[in-house]
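S.K.: Predicted model and sequence below, questions to follow.
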Amino acid sequence: MHKDPRAEIAGERIVGAAPAGAAGEAAASDAVREMFTSIAPRYDLLNHVLSMNVDRLWWNRTARSFADILRRPGAQVLDLCCGTGDMTFALHRRMTGGDGGLFGADFSHAMLVRAEAKTGRRNIRWLEADALHLPFASGRFHLVTSAFGFRNLANYDRGLAEIHRVLASGGEVGILDFGEPKGLIGNIYRVYFRRVLPAVGTLISGVRGPYSYLPASVLRFPSPDEMLRRMRDAGFLDVSWTPYTFGIAGLYRGRKR
C-alpha cells in the first residue's frame, strides 16, 4: 500500500478497504468502484432481500437520530457514499426546514444514475465524488452521514479527516455500518453472512466478487472501540456507537468542535 507519512510518524497502520488483488489505495478504490458498478442494476433488490428489509429500519432510525439538525431552516446535509440514495431519501423525509440543502455523493456513476431515477420531485443534488477528496469548501455542512459505504474507503483515517474538514463548527457525523454481533445470535449471523449471503448475492446478481468481498470487508473494519478512537484522533468530540439489531449494524456519531 502507499504509505501516509503521518501514519508512519504516529506508528499507525493504515486501514481501509482491501479487495483481493488490489495493491495500494488507488487500486483498492478502483476495485471497489468496479464492484459496485457491476451490481448496480440489482443493488436495491439485493439489499432488501439479503437484509430481509431490516435495512429500511436502519436508515430511518439513523435519520431520526439527527432530526434536530434536519429540522433546522437552511440545514446543509451531505450523504456520503450514498449508493442508490436510500439513506439520502430517509434524510430528505425529515428535512422540514426547507429544501435545497441535501447532497448525495458517490464515486460510482452507475449507482448515481439509479439514485437520480428514484428521485422524483425531491430537491436533492447528486454528485459523483471521491469521499477521500471531496469537492466542497471547508465548514460547508451541518451533518454528514454515510450508510454502509464508509467501510469501502481505501483509507478510513483520511475519510474521517475529509468529513471533519467539510463539517461546520458544531456539525455532526453519522456513520452507519455493519458490525460483529456476539453470542449465539452472532454465531448464527456469521454463518449467514459468510456463507449464505455470498451465495444468494452471487446467484441474484450474476457477479461473484462483490458478495465474497462483503464479509471480508466487515472483518477488516475496525472494532467499535478502535473506530471511536480513530474518530477522536480525527478531531471529533462526544463520539459514540449505538448497536442496531443485536449489533449486526451500528451508528457511529461524533461532533466537530
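M.R.: Received it, and whenever you're ready, just let me know what you need. Owing to the predicted nature of the structure, the values given are computational and were not obtained by experimental measurement.
S.K.: Could you tell me the backbone phi and psi angles at residue 122?
M.R.: phi -60, psi 140 (degrees, to the nearest 10).
S.K.: What is the burial count for it?
M.R.: Look at residue 122: counted by other CB atoms under 10 Å, it has 14 neighbours. Placement of C-beta: from N, CA and C, glycine included.
S.K.: these two touch, right, it and residue 89?
M.R.: Yes: with contact defined as CB atoms under 8 Å, residue 122 reaches residue 89; the gap is 7.1 Å.
S.K.: need the contact list for the nearest residue to residue 30 once chain neighbours are set aside.
M.R.: Excluding the flanking residues, the one nearest residue 30 by CB to CB, 6 or more residues apart in numbering is residue 22, at 7.5 Å. Contacts for residue 22 (CB atoms under 8 Å, 6 or more residues apart in numbering) come out as 28, 30-31.
S.K.: Which of the three states applies to the closest residue to residue 223 other than its chain neighbours?
M.R.: Leaving aside its sequence neighbours, residue 223 sits nearest to residue 180 (CB to CB, 6+ apart; 7.8 Å). Three-state call for residue 180 (DSSP: H, G, I helix; E, B strand; the rest coil): coil.
S.K.: Doesn't residue 196 lie inside a helix?
M.R.: Yes: per three-state DSSP, residue 196 lies within a helix segment.
S.K.: For the stretch 1-150 of the chain, which segments are assigned as strands?
M.R.: Here the stretch 1-150 of the chain has its strands, by DSSP state E, counting those that start in this stretch, at 77-80, 102-106, 125-128, 141-147.
S.K.: Just tell me which of those strands ends up closest to residue 41.
M.R.: Of all these, it is strand 102-106 that lies closest to residue 41, at 15.4 Å by CB to CB.
S.K.: if we can go back for a sec, gap between the residue nearest to residue 30 and residue 204?
M.R.: 25 Å (CB to CB, to the nearest Å).
S.K.: go on, residue 193?
M.R.: Applying CB to CB to residue 193 and residue 204 gives a distance of 16 Å.
S.K.: With residue 159 instead?
M.R.: Taking CB to CB, one finds residue 159 at 29 Å from residue 204.
S.K.: Ok, residue 119 next?
M.R.: With CB to CB as the criterion, residue 119 and residue 204 are 25 Å apart.
S.K.: same thing with residue 31?
M.R.: With CB to CB as the criterion, residue 31 and residue 204 are 21 Å apart.
S.K.: Residue 52 too?
M.R.: Taking CB to CB, one finds residue 52 at 14 Å from residue 204.
S.K.: So for those two, which sits in the more crowded spot?
M.R.: Comparing residue 52 with residue 204 by other CB under 10 Å, the one with more neighbours is residue 204, at 15 against 7.
S.K.: hang on, the earlier thing: can I have the buried ones of the contacts of residue 22 as a PyMOL selection?
M.R.: Restricted to buried positions by 16 or more other CB atoms under 10 Å, the PyMOL selection for the contacts of residue 22 reads:
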select buried, resi 28+31
